[in-house]
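1. Got a predicted structure plus its sequence, pasted below:
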Amino acid sequence: MAEPLLERIEVDVEKLGGKPVIKGTRIPVALILELVANGMRPEEIVKEYPELSLEDVKAALLYAARLTEKEILLALE
């Protein structure tokens, strides 16, 4: 991963079955994305999960952006 923010994400089969998490935690990227999608502001997420930083939230969003750049998305019915 060339971007410094993305270094905050780790994928380890020993943690949550290999799902991407914030490095040093068991907090999955997917949870952060869901919280943002449901209207939580990054500051609120950090308050709710004090082991996270605003940079971690940004990293999760960037990680998802990079994934969708490489994926073919199917229309949801």
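-> It's in. Numbers count the residues shown, from 1 in each chain.
2. show me the biggest helix of the protein in terms of residues.
-> helix 54-70 (DSSP state H).
3. Give the helix, strand or coil label for Leu31.
-> helix (DSSP: H, G, I helix; E, B strand; the rest coil).
4. for this protein, which spans come out with low pLDDT?
-> Filtered on pLDDT under 70, the chain yields the residue ranges 1-2, 71-77.
5. So the nearest residue to Glu44 once chain neighbours are set aside: helix, strand or coil?
-> Counting by CB to CB, 6 or more residues apart in numbering, Glu44 lies nearest to Leu35, which is 8.0 Å off, once chain neighbours are set aside. (Glycine included, C-beta is placed from N, CA and C.) Assigned state for Leu35: helix (three-state reduction, three-state DSSP).
6. ok so, going back, what's the longest helix of the chain packed up against?
-> For helix 54-70, the elements it packs on are strand 9-10, strand 21-22, helix 29-37, helix 42-48, judged by 3 or more CB pairs under 8 Å, 6 or more residues apart in numbering; DSSP states H and E.
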